[in-house]
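Enquirer: quick check, what structure comes out for this input:
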Amino acid sequence: MPVRSLRWYLPLLFLPLAASAAEPVPAPAERELDLTVYRPGVALVRDRRPIDLEAGNHRLVWPNVADTLQWDSVRLAGEAPELRAYRRSGERLTLQRLVEGYVGREVRFTAANGDNGGVGEIVSADPLLVRTDAGVRPLTPERLVFPGGVPDALMSSPGLALDIATDRRWRQPLRLDYLAEGFAWSLDYVARLSADGSRLRLEARASIANASGMAVRDARVELIAGEPAIPRGDRGNGAEMMQARSMSDAAAPPEAAGDYYHLALPRPVTLEAGERTSVAVFDRPSIPVERQYVLRSDARITGTKGPAPGWRSVPLTTTLAWTVGDRPQPAGTLRVYEPRPGDEGVRLVGGDRLGDRAAGEQVEVALGRPFDIVAERRRTDWQRGPDERTETVTREIRVRNAGQREASIRIEESIPGEWEMLEASDEWERASADLAVWRFEIEGGGERLLRYRVRIKR
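Expert: Here you go, the predicted structure:
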């Protein structure tokens with residue numbers, strides 16, 4: 001029965017449970033599952049099932065929980081019956097457990113390394129000994145074939161045994177909440193530039209991994225962007241019993257709040273244990289974008305009078321910049337493609353790692369180094385002032401556009417100490433206390449020479 005088809009009001013789904021805590025009865029397998037997944041690899045699991053309890057004390061076995069649950073985070077949500085204690089119930093099926101379940105039963109074993117196969121009875125699981133017509137012999141478990149399949153006693157999935165007390169009949173859904181490690185998510189962005197490079201289409205897909213040991217089927221999933229502080233609790237090894245704290249003492253699990261941003265996935269997610277899936281999250285079809293070529297340099301003083309020897313080549317970086325819309329843009333890996341002339345194909349032009357950006361913020365990504373835009377710089381003069389703490393430096397920067405299209409250039413000169421711009425060949429701005437910025441356009445095949453003189457006080 002699909003999870004979405006659950007109808008909590010149908011009496012057939014409410015399975016009455018035994019009133020004696022000495023007779024554990026499994027909760028129904030049907031459930032509604034909600035996951036809130038945080039970037040540090042932790043998820044808040046909300047597991048909701050239909051329950052029918054008479055008044056009194058009960059031991060309710062809740063199957064199929066995450067192997068990686070934080071042992072001290074388990075609680076019943078809302079106005080639930082009192083949870084007095086809980087412990088692990090059941091174990092995962094392993095080859096060793098299967099061998100142990102077949103002690104005293106007949107198995108077959110396959111041929112290996114010149115040794116013929118045959119039939120025998122397991123007389124010991126550890127070490128594995130099989131009685132055959134020729135006598136008792138040791139074997140490796142991998143050679144065994146179990147003709148009867150998995151015994152019913154080993155079929156139950158691991159879960160939690162919950163000691164519950166209620167002073168009235170409980171005939172409604174019950175929700176178990178806990179934190180589980182092993183869930184993780186990340187965003188991958190694909191950006192496609194328009195033919196003229198002035199706009200881009202930004203598509204986001206969420207990659208979700210499930211290493212919790214629990215299968216997830218038809219779950220509602222939301223992803224939390226941001227960096228909430230989530231303590232790593234004790235997972236527990238299942239041997240001990242945890243005395244449940246009262247609801248007033250229980251720490252509330254992390255919830256998506258105003259400080260973070262949540263992405264609710266549009267469709268239910270099915271993810272087997274150990275699987276990874278990719279889900280479309282959002283698509284922003286037409287974002288105005290600006291391409292610039294940026295030269296970042298540090299105008300450090302060498303301490304040598306006069307000009308420095310010759311021009312020195314300096315690299316530029318191709319950048320794309322845009323404004324985040326009315327919704328935040330979570331961090332992720334970006335790959336940018338542009339149309340390939342002559343057909344409907346595309347080609348990769350670079351990529352970057354995006355950080356978290358709030359709505360309305362500016363984004364700038366570095367795609368790589370351009371081939372046709374080249375720059376050189378040199379120091380043409382250096383003078384030390386009479387107080388030995390002041391220096392005057394003259395520099396030149398030459399930028400050439402060997403391409404065919406006009407290019408937007410931004411030059412950022414990091415200048416240490418207290419400084420004063422004495423003269424400059426082009427308009428500039430003091431972007432910060434230690435940064436002077438020039439912006440200009442160079443047409444295809446053109447060249448620009450920038451010259452400035454600055455006084456620096458150490």
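
Enquirer: which strands or helices does the helix or strand harbouring Leu35 pack on?
Expert: According to DSSP states H and E, Leu35 maps onto strand 32-38. Packed against strand 32-38 by the contact rule (3 or more CB pairs under 8 Å, 6 or more residues apart in numbering; DSSP states H and E) you find strand 42-53, strand 183-193, strand 216-225. C-betas here are computed from N, CA, C, even on glycine.

Enquirer: just the angle between the longest one and strand 183-193, please?
Expert: Yep, that's strand 42-53 we're talking about. Put simply, strand 42-53 runs at 130 degrees to strand 183-193, going by axes from the mean of the first three to the mean of the last three CA atoms, to 10 degrees.

Enquirer: and strand 42-53 with strand 32-38, angle?
Expert: 160 degrees.

Enquirer: adjacent strands (with direction) for the helix or strand that comes right after strand 42-53?
Expert: Per DSSP H and E, the first helix or strand lying C-terminal to strand 42-53 is strand 56-63. The strands that strand 56-63 pairs with in its sheet are strand 25-26 (parallel), strand 159-166 (antiparallel) (by DSSP bridges).

Enquirer: just name the most buried of the helices and strands packed on strand 32-38.
Expert: When you average the neighbours per residue for each of these (mean count of other CB atoms under 10 Å), strand 42-53 leads with a mean of 23.

Enquirer: how distant is that strand from the center of its chain?
Expert: Put simply, strand 42-53 sits 24 Å off its chain's centre (CA atoms, centre = their mean, to the nearest Å).

Enquirer: list the helices and strands it packs on?
Expert: Strand 42-53 packs on strand 32-38, strand 56-63, strand 170-181, going by 3+ CB pairs under 8 Å, 6+ apart.

Enquirer: now with 7 Å?
Expert: strand 32-38, strand 170-181 (3 or more CB pairs under 7 Å, 6 or more residues apart in numbering; DSSP states H and E).

Enquirer: contact partners for Glu100?
Expert: Residues in contact with Glu100 (CB atoms under 7 Å, 6 or more residues apart in numbering) are Ala125.

Enquirer: tell me the SS of it?
Expert: helix (DSSP: H, G, I helix; E, B strand; the rest coil).

Enquirer: just the strands in the stretch 301-450 of the chain please.
Expert: Here the stretch 301-450 of the chain has its strands, by DSSP state E, counting those that start in this stretch, at 312-314, 317-323, 332-339, 346-354, 362-368, 373-384, 390-401, 407-414, 418-424, 429-432, 435-442, 447-457.

Enquirer: which of those sits closest to Arg75?
Expert: strand 332-339 (32.5 Å; CB to CB).

Enquirer: centre-most residue in this protein?
Expert: Trp185 (2.7 Å; CA atoms, centre = their mean).

Enquirer: quick check: that one touching Ile208?
Expert: Yes: between Trp185 and Ile208 there is a contact at 4.8 Å, judged by CB atoms under 7 Å.
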